[in-house]
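Asker: Build me a model from this:
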Amino acid sequence: MSMHEIESLVEYSVLAVAAADPVPKEARDIVHSLYLLQDQFDCGYTLLRTQQELEKLKYLFMLPPENLPEPERGEAMALRGEGGFFGKPSTYYYQKAGRACVTAGSPLWEKLCQNGTITGEGARPVHELPLLELAHLTVPLLRFLDQEIRVQAQGLWYTLFPVFSLIMLDEEDDETLKQVLALRDLLATPEAFSFCEESPDIEDEMDAEWFAPYLEWRQSGGVANDQERREKIMQLLGQQDFRAACALADGLPDDQERLYFRAVISLKYYQSPVLAGGKRPPDTDAFGLLSLPGTREALASLIGKLPGQDWGLGLSLACCDFLLDGDYEKAFGVMARAFEKELYKVLETKTDERDRQFFSALYALTFYQAVDLNLPAQKDEKRRLMKARAGTLLSLPEAKEAFLGLRGKKPESDWSCLYNCAICCILMGDGAEARTYFEQAAQLNPNNPAIPMALDQLDQTMQGRSPWEED
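Answerer: Numbers count the residues shown, from 1 in each chain. Model (predicted):
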């Protein structure tokens with residue numbers, strides 16, 4: 001725990017109170033109690049972070065020294081050159097603004113109420129709230145904060161409340177525990193858990209109950225449901241954290257889906273170094289990985305059993321074959337057959353000839369992208385295959401001509417046809433023509449962020465590529 005975390009918790013909570021609609025009648029008591037809570041720790045002077053909000057709530061009064069009674073007037077005026085604290089207990093003189101920062105409930109505030117300097121709502125007494133009442137009044141108000149700050153505030157309340165309760169909760173009877181658990185249920189969310197230490201200190205039964213949802217969440221791999229688990233696995237794969245990805249995959253309830261993800265993770269483990277220009281690592285069963293032959297066997301066993309996944313499985317099988325025997329031709333053929341099979345399924349549902357032409361070109365382009373991404377850059381052999389026709393799929397030049405021929409037939413799709421032409425040109429090594437098509441697509445669809453992003457990255461994308469015409 002850091003004092004900065006406590007300061008941030010108080011700051012965000014004050015912002016929430018001020019932003020609440022309607023502002024609760026206990027607002028000044030909440031704010032007063034928050035700063036008394038902060039004073040229990042070695043924190044800095046933080047009221048000026050939320051000066052406007054505190055003034056709005058009639059808790060903070062920024063007064064010139066001339067408005068203060070003696071002896072505080074003289075003490076404050078003596079600090080005009082540098083600022084600082086005066087009086088007992090201390091009041092802060094803010095030199096930059098030339099004002100004394102008087103807070104409700106302080107002895108100086110009481111004097112100012114008595115002499116009529118502070119009147120109305122600002123002169124109403126403030127009271128310190130018990131910790132549980134303070135928390136139950138404040139936490140529901142966090143919803144009035146912007147999303148980013150709300151998540152931080154909720155996380156800080158969840159992680160710090162056990163520390164506060166250790167100091168400020170005198171009783172731990174059944175009623176107290178009931179109120180603590182009700183507060184926990186307001187705060188215990190995956191967003192809040194991300195602020196917890198990996199192994200929180202658990203001193204007693206109350207701590208154990210408080211952190212139980214967090215520990216259960218950690219045991220589940222830090223995901224709330226199976227869909228979040230799948231997304232997290234793919235995120236970890238992108239980071240090449242294979243150990244964590246395997247641990248998450250083991251938590252999937254369906255046997256076939258669990259096998260599928262273990263195979264995908266294992267393939268990525270063996271494939272990544274090869275795509276980066278290195279050597280394939282030796283077979284291993286570390287942290288649940290399959291051997292490469294075992295990966296291929298698992299993928300093959302799942303064909304026809306996972307709806308909508310057959311062409312992805314075919315692509316993965318091709319990658320396994322290439323990694324096992326280095327045969328570009330064989331891998332190319334396996335990948336082509338997987339794409340052909342999926343394209344036939346799509347074409348059976350299309351009656352409009354324009355749609356059939358578009359999807360024929362799109363699947364061909366996607367196939368050659370897959371070849372480009374999944375087979376290592378051994379230039380001559382890969383280049384020969386990229387130029388080759390793959391079974392009944394269109395070749396790259398044919399796919400490009402098909403996209404060009406579709407312009408004007410469905411005007412709303414013209415930008416997409418031009419964009420796909422640009423991708424064809426990239427794969428054929430012609431960066432200049434790709435740029436032309438990207439620019440034409442941008443004119444037709446200026447609000448699509450993918451197009452300027454592709455243009456910005458084009459020079460980098462074309463590194464190591466040269467036009468086919470140079471062969």
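Asker: Look up the closest residue to residue 414, ignoring the ones flanking it.
Answerer: Leaving out its chain neighbours, the residue that sits closest to residue 414 by Cβ to Cβ, 6 or more residues apart in numbering is residue 407, at 5.1 Å. Quick note: C-beta positions are derived from backbone N, CA and C, even for glycine.
Asker: For residue 414, give me its contacts.
Answerer: Contact analysis of residue 414 by Cβ atoms under 8 Å, 6 or more residues apart in numbering lists 407-408, 444.
Asker: Send over the helix or strand hosting it as CSV, restricted to the C-alpha atoms.
Answerer: Secondary structure assignment for residue 414, by DSSP states H and E: helix 414-427. Coordinates of the C-alpha atoms in helix 414-427 are reproduced here as CSV (Å, rounded to 0.1, in the frame of the first residue of the first chain):
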residue,chain,number,x,y,z
ASP,A,414,-16.6,0.1,-54.6
TRP,A,415,-14.2,1.2,-51.8
SER,A,416,-13.9,-2.4,-50.6
CYS,A,417,-13.0,-3.6,-54.1
LEU,A,418,-10.3,-0.9,-54.4
TYR,A,419,-9.0,-1.7,-50.9
ASN,A,420,-8.7,-5.4,-51.8
CYS,A,421,-7.0,-4.5,-55.1
ALA,A,422,-4.4,-2.7,-53.0
ILE,A,423,-3.8,-5.9,-50.9
CYS,A,424,-3.4,-7.9,-54.1
CYS,A,425,-0.8,-5.4,-55.3
ILE,A,426,1.1,-5.7,-52.0
LEU,A,427,1.2,-9.5,-52.3
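Asker: Give me the mean pLDDT for it.
Answerer: For helix 414-427, the per-residue pLDDT values average out at 93.
Asker: Following the chain past it, name the next helix or strand.
Answerer: For helix 414-427, the following helix or strand on the C-terminal side (DSSP H and E) is helix 431-444.
Asker: Check what contacts that following helix and list those residues.
Answerer: When contacts are taken as Cβ under 8 Å, 6+ apart, the neighbours of helix 431-444 outside the stretch itself are 414-416, 418-419, 421-423, 425-426, 448, 451-452, 454-455, 458-459, 461-462, 465.
Asker: And stretch 270-287, by the same measure?
Answerer: Defining contact as Cβ under 8 Å, 6+ apart, one finds that stretch 270-287 is touched by 240, 242-243, 246-247, 269, 291-295, 319, 323, 374, 376-377.
Asker: now do stretch 175-187
Answerer: Counting contacts by Cβ under 8 Å, 6+ apart, the residues outside stretch 175-187 that touch it are 132, 135-136, 139-140, 154, 157-158, 161, 165, 169, 205-206, 209-210, 213.
Asker: could I get the host helix or strand of residue 334 in PDB with only the CA atoms?
Answerer: Element membership of residue 334 [criterion: DSSP H and E] is helix 328-347. Extracted in PDB, the C-alpha atoms of helix 328-347 (Å, rounded to 0.1, in the frame of the first residue of the first chain):
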ATOM      1  CA  TYR A 328       6.000 -25.900 -49.400                       C
ATOM      2  CA  GLU A 329       4.100 -27.700 -52.200                       C
ATOM      3  CA  LYS A 330       2.300 -30.000 -49.800                       C
ATOM      4  CA  ALA A 331       1.400 -27.200 -47.300                       C
ATOM      5  CA  PHE A 332       0.200 -25.000 -50.200                       C
ATOM      6  CA  GLY A 333      -2.100 -27.800 -51.400                       C
ATOM      7  CA  VAL A 334      -3.500 -28.600 -48.000                       C
ATOM      8  CA  MET A 335      -4.300 -24.900 -47.400                       C
ATOM      9  CA  ALA A 336      -5.900 -24.500 -50.800                       C
ATOM     10  CA  ARG A 337      -8.200 -27.500 -50.300                       C
ATOM     11  CA  ALA A 338      -9.400 -26.000 -47.000                       C
ATOM     12  CA  PHE A 339     -10.200 -22.700 -48.600                       C
ATOM     13  CA  GLU A 340     -11.800 -24.300 -51.600                       C
ATOM     14  CA  LYS A 341     -14.100 -26.300 -49.300                       C
ATOM     15  CA  GLU A 342     -15.200 -23.300 -47.400                       C
ATOM     16  CA  LEU A 343     -15.700 -21.200 -50.600                       C
ATOM     17  CA  TYR A 344     -18.000 -23.900 -52.000                       C
ATOM     18  CA  LYS A 345     -20.200 -23.600 -48.900                       C
ATOM     19  CA  VAL A 346     -20.400 -19.900 -49.300                       C
ATOM     20  CA  LEU A 347     -21.200 -20.000 -53.000                       C
END
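Asker: just how off-centre is that helix within its chain?
Answerer: How far helix 328-347 lies from its chain's middle: 35 Å, per Cα atoms, centre = their mean, to the nearest Å.
Asker: That helix packs against which elements?
Answerer: Helices and strands in packing contact with helix 328-347 are listed as helix 310-325, helix 353-374, helix 379-387; criterion 3 or more Cβ pairs under 8 Å, 6 or more residues apart in numbering; DSSP states H and E.
Asker: circling back to that earlier point, surely the residue nearest to residue 414 meets residue 415?
Answerer: No - assessed by Cβ atoms under 8 Å, residue 407 is found out of contact with residue 415, at 9.7 Å.
Asker: Go through stretch 146-162 and flag the buried ones.
Answerer: For stretch 146-162, a neighbour-count test (16 or more other Cβ atoms under 10 Å) marks 149-162 as buried.
Asker: now the residues you listed in JSON lines, with distance to residue 311, secondary structure and pLDDT?
Answerer: Listed next are those as JSON lines, based on distance: Cβ to Cβ, whole Å; DSSP: H, G, I helix; E, B strand; the rest coil; pLDDT from 0 to 100:
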{"residue": "149", "distance to residue 311": "44", "secondary structure": "helix", "pLDDT": "93"}
{"residue": "150", "distance to residue 311": "42", "secondary structure": "helix", "pLDDT": "92"}
{"residue": "151", "distance to residue 311": "39", "secondary structure": "helix", "pLDDT": "88"}
{"residue": "152", "distance to residue 311": "43", "secondary structure": "helix", "pLDDT": "92"}
{"residue": "153", "distance to residue 311": "46", "secondary structure": "helix", "pLDDT": "95"}
{"residue": "154", "distance to residue 311": "43", "secondary structure": "helix", "pLDDT": "93"}
{"residue": "155", "distance to residue 311": "42", "secondary structure": "helix", "pLDDT": "92"}
{"residue": "156", "distance to residue 311": "47", "secondary structure": "helix", "pLDDT": "94"}
{"residue": "157", "distance to residue 311": "48", "secondary structure": "helix", "pLDDT": "96"}
{"residue": "158", "distance to residue 311": "44", "secondary structure": "helix", "pLDDT": "94"}
{"residue": "159", "distance to residue 311": "46", "secondary structure": "helix", "pLDDT": "92"}
{"residue": "160", "distance to residue 311": "50", "secondary structure": "helix", "pLDDT": "93"}
{"residue": "161", "distance to residue 311": "51", "secondary structure": "helix", "pLDDT": "94"}
{"residue": "162", "distance to residue 311": "51", "secondary structure": "helix", "pLDDT": "91"}
